[in-house]
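>>> Provide a 3D model corresponding to the input given below.
(6 chains)
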Number of protein chains: 6
Amino acid sequence: MVDLTGRPAGPRRAVAEAEVAVSQEALSAIIDGATPKGDVLAAAELAGVMAAKRAPELIPLCHPVALTDLLVRASPDRAAASVRIHAEAAAFASSGVEMEALTAAAIAALTVCDMVADRELAAAVRDLRLVSSSGGEMGEWRRADERPAEGRVPPGARAAGRVARGSHGPGPAGGKRRSP
Amino acid sequence: MVDLTGRPAGPRRAVAEAEVAVSQEALSAIIDGATPKGDVLAAAELAGVMAAKRAPELIPLCHPVALTDLLVRASPDRAAASVRIHAEAAAFASSGVEMEALTAAAIAALTVCDMVADRELAAAVRDLRLVSSSGGEMGEWRRADERPAEGRVPPGARAAGRVARGSHGPGPAGGKRRSP
Amino acid sequence: MVDLTGRPAGPRRAVAEAEVAVSQEALSAIIDGATPKGDVLAAAELAGVMAAKRAPELIPLCHPVALTDLLVRASPDRAAASVRIHAEAAAFASSGVEMEALTAAAIAALTVCDMVADRELAAAVRDLRLVSSSGGEMGEWRRADERPAEGRVPPGARAAGRVARGSHGPGPAGGKRRSP
Amino acid sequence: MVDLTGRPAGPRRAVAEAEVAVSQEALSAIIDGATPKGDVLAAAELAGVMAAKRAPELIPLCHPVALTDLLVRASPDRAAASVRIHAEAAAFASSGVEMEALTAAAIAALTVCDMVADRELAAAVRDLRLVSSSGGEMGEWRRADERPAEGRVPPGARAAGRVARGSHGPGPAGGKRRSP
Amino acid sequence: MVDLTGRPAGPRRAVAEAEVAVSQEALSAIIDGATPKGDVLAAAELAGVMAAKRAPELIPLCHPVALTDLLVRASPDRAAASVRIHAEAAAFASSGVEMEALTAAAIAALTVCDMVADRELAAAVRDLRLVSSSGGEMGEWRRADERPAEGRVPPGARAAGRVARGSHGPGPAGGKRRSP
Amino acid sequence: MVDLTGRPAGPRRAVAEAEVAVSQEALSAIIDGATPKGDVLAAAELAGVMAAKRAPELIPLCHPVALTDLLVRASPDRAAASVRIHAEAAAFASSGVEMEALTAAAIAALTVCDMVADRELAAAVRDLRLVSSSGGEMGEWRRADERPAEGRVPPGARAAGRVARGSHGPGPAGGKRRSP
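Reported below is the predicted structural model:
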């Protein structure tokens, strides 16, 4: 692992996203709660939260970090025939939390695939990626081709299935851009 | 979880794939072994193998299964500016091993992202998906738009970094198709 | 661990239950989904399922077993001011699955406590216990003072939050009793 | 998870307890070390300590925290025909350690059940509950109906089986009460 | 991992041993139960049993296997100024259980080191090794320079601290030797 | 666990080493990358790094600690017919990181055994031990009979297989000695 000895701790935050492409049929079942395995979105969100805490066990050279915030939202998107995963991680640490956010998004996405697997095996994860990252030597980073996160997951879109923080401010605002 | 009581065990096999889009620079560093964190492909392959064994801990309703085979290969693809992940899982079981193959591919892909993160945060996982699955009630399934697996990862393409089985026959042959 | 070498495998099933005593206020918040941390019952059910798969990691001398079924239900009970946890585990194995069912019930119950902890720390788990067990040398066992399981958790009582099997037959029927 | 960003860290401590109701026969075997699986109390104490460290893996929305103290004691109680579990957790953190103490008590209690399961399946966990908690915004909290912890587990009652700290001061003193 | 597909399952058993060199002072403290952290031998035995179940999580290419037997004994040896670790694993499987036995011995040995670390940091593990292995294509294997296991750990030497099986026959008998 | 409450955090570092005795044949296969399971040294190094992060899960009374550095090197030694394992752990913490370094060395060593097990079962771990430790009340400690660490693993000896930090200064310098 990269040696962090002597590197000061500071606030770190990262956002990752993914889309799970599913059929309109499967999407209907997800929205209606008509899948035999139960509430797909709640399961995906919880699985993502739990996986993020174990990112250092899964990613070989990822440093252990005590997460102070972890939020995963899974939202159906009719127009795109997909479930959108939004994962956000934060810590006060000397290493970043990018892998925690990405692991949360990855496992949340795979959980959606698992929950509809009786219906279709073709569900696929598109564009699992870091969207923004702040803190540390790298400063503020935002993916060049991303619209601001607020526009992507309308706040309050799905109240019932929320798994995490009761109220949270808007996502990480623009800040300075660094070309990727 | 789906109740498997009384369902007979049989040979199960699944193949998943993913592409990690990286810059040409990062790809050169990966190929040359010039990344500060060490051999990216070997780390990705090992991380994938280890994660597959823990899929039932990560995916909430995934059944525990004793894997008899697990092979992960990570291969650089210059033309596509990406690292291709190929993951294959097998077991003699009453449930499928699709989630094991997908988890292996996901964590191997994220490990590539982590190993180049000092250089670029923009690495992204494209098209994490099941490619084929065999065994069980569902029989043989192959993703409609996939070329046969053999053509994708040329055997012997990278000998040094292989992490798994010494010799293995060709991947799951075509068989009957089932539309996804 | 007890040596199971040479002991034949067979169908094993166990049911455990627990009650989490909460205030009427907290119970209202649970039922209305008005807790800041999200859907309490869905989280408890999922946490129970996931914990059961790790029972052999937690209970020192518990044998590893490949669960074929795991069902956890969390149901609010107004009259008793509690959340009832019902956990059921099954496997085809040479050891029992009692600890898996008990671990599922315990962690599901503690998850309820955690989800309402912002509101009250006094939530307590009452009577975490094995209700029935079948298979193996011990044969059929049922706790002496228990009414049949069917009467406890009315089927269909809570459709939306179900996390596990789509449809399942009645619980383990009475069978012969063995005094505990 | 609840967002702890910006919340100051401070000393946190929590105590949980549980009783495992067993037959007088099983209790004798526990006290005499005559159970086939070995020293029940030592195993229960160790299992509790180890489980507490994994509470954030088990309880979905529980924050990771670096425990600075973890003590589990299992004491036979002839009069009550039970084994009493006392678990205490501490950390310097921005979240509480209630779930760590409760998880320790729960798994210690289930380990007792497992260790006597060859003899009786009827062992049951009664009243798994938080007894006190200090630190954080909530300040000092103590369960209304509890006698002080010191009176419950007489110090020095069982020297041989102690698993944790060599010497420790008296348990969390009374402090101000807050009705639950 | 080596592909086990199609390889028949059968009874597998392996024995591993290690010695932990400690000072006579530390050994006295271990024997007298006078270490501040508690019963060293019981903790080592339990830690070894629990670690063996997780060998496939720790050793990258180790197959998951459902252990049917796991026995760890830690015995003080005055003459050699050491604690002897004896670990035995068994399963009905298509892969061996050598790594399970070795992992049990390794973690039991390190637990001894940890339990006396307040007193001395110089405790060291000598000769962590496989002693015998049976089952599978390799047949019976026994380390050339080992005396029979029975002579090493006198049965009944330490009754109180035993953690595993109530009664077990003599260790793996000689069988045919294969030079290593 | 030892109560660390109130003990100040500070820089902690520990180095552990082990030798794995293998045949000259197996050593040749390791050096040439001719083992069927792949790159032995890279796998051992990664497995050691990952295991160190889980030391508190494996060693019962080991405190959780957020490692800031973890470096494992596996180097073939022709003259000694062995693979040398060097593991180094660091953290800013109130407890030591000795067990993390030892666990890394132990699992790296066992991984070497596993990777050559198809060829020989006689591979054995010799002298798994702490070499030095610094920080905390104990101050600087170095094993009496050890030559300085720098002389043992020549820097740059194996560039390709390095798994961890890109550049790191010399190992922990001599400092004052404390007899073990």
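>>> what sits against the residue of chain A found nearest chain E?
Closest contact between chain A and chain E, by C-beta to the nearest C-beta, is at residue A:57 (8.5 Å). (Each C-beta comes from the backbone N, C-alpha and C, glycine too.) By C-beta atoms under 8 Å, 6 or more residues apart in numbering or on different chains, the residues touching residue A:57 are F:50, F:53, F:54.
>>> Could you tell me the angle between the strand or helix carrying the first one and helix B:40-52?
Under the criterion of DSSP states H and E, residue F:50 resides in helix F:40-52. Taking axes from the mean of the first three to the mean of the last three C-alpha atoms, to 10 degrees, one finds helix F:40-52 and helix B:40-52 inclined to each other by 50 degrees.
>>> got the buried residues for the helix or strand harbouring residue A:28?
Element membership for residue A:28, per DSSP H and E: helix A:24-32. For helix A:24-32, burial by neighbour count (16 or more other C-beta atoms under 10 Å in any protein chain shown) applies to A:26, A:27, A:29, A:30.
>>> The first one contacts residue A:123, doesn't it?
The reference is to residue A:26. Yes: with contacts counted by C-beta atoms under 8 Å, residue A:26 reaches residue A:123, the gap being 6.9 Å.
>>> so where's chain A shaky on pLDDT?
Along chain A, segments meeting pLDDT under 70 span A:146-180.
>>> partners of the residue most central in space within it in the sheet?
When C-alpha atoms, centre = their mean is applied to chain A, the residue found nearest the centroid is residue A:87 (2.1 Å). Per DSSP bridges, the residues bridged to residue A:87 are residue A:16, residue A:72.
>>> In this structure it contacts residue A:44, no?
No: with contact defined as C-beta under 8 Å, residue A:87 does not reach residue A:44; the gap is 10.3 Å.
>>> Tell me the first helix or strand C-terminal of the helix or strand where residue A:91 lies.
Counting by DSSP H and E, the element that carries residue A:91 is strand A:82-93. Next in sequence after strand A:82-93, counting helices and strands by DSSP H and E, comes helix A:98-115.
>>> right, and residue A:102 touches residue A:17 too?
No: taking C-beta under 8 Å as the definition, residue A:102 is not a contact partner of residue A:17, at 9.5 Å.
>>> Buried residues in stretch A:33-46, which are they?
Here stretch A:33-46 shows A:33, A:35, A:37, A:38, A:39, A:40, A:41, A:42, A:43, A:44, A:45, A:46 as buried, counting by 16+ other C-beta under 10 Å.
>>> Using a markdown table, please lay out the residues you listed together with distance to chain B.
Listed next are these as a markdown table, based on distance: C-beta to the nearest C-beta, whole Å:
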| residue | distance to chain B |
| --- | --- |
| A:33 | 15 |
| A:35 | 10 |
| A:37 | 5 |
| A:38 | 8 |
| A:39 | 11 |
| A:40 | 10 |
| A:41 | 12 |
| A:42 | 10 |
| A:43 | 5 |
| A:44 | 9 |
| A:45 | 11 |
| A:46 | 7 |
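>>> What is the burial count for the residue nearest to residue A:25 when sequence neighbours are not counted?
Nearest-residue entry for residue A:25: residue A:119, 7.1 Å, with adjacent residues in sequence omitted and distances by C-beta to C-beta, 6 or more residues apart in numbering or on different chains. Residues near residue A:119, counting by other C-beta atoms under 10 Å in any protein chain shown, number 16.
>>> Please apply the same query to the one 4 residues further on.
Taking other C-beta under 10 Å as the criterion, the count of residues near residue A:123 is 25.
>>> Pull the contacting residues for it.
Taking C-beta under 8 Å, 6+ apart, we find residue A:123 in contact with A:20, A:21, A:22, A:26, A:112, A:113, A:116, A:117.
>>> rewinding a little: helices or strands up against the helix holding residue A:28?
Helix A:24-32 sits against helix A:40-52, strand A:67-77, strand A:82-93, with contacts defined as 3 or more C-beta pairs under 8 Å, 6 or more residues apart in numbering or on different chains; DSSP states H and E.
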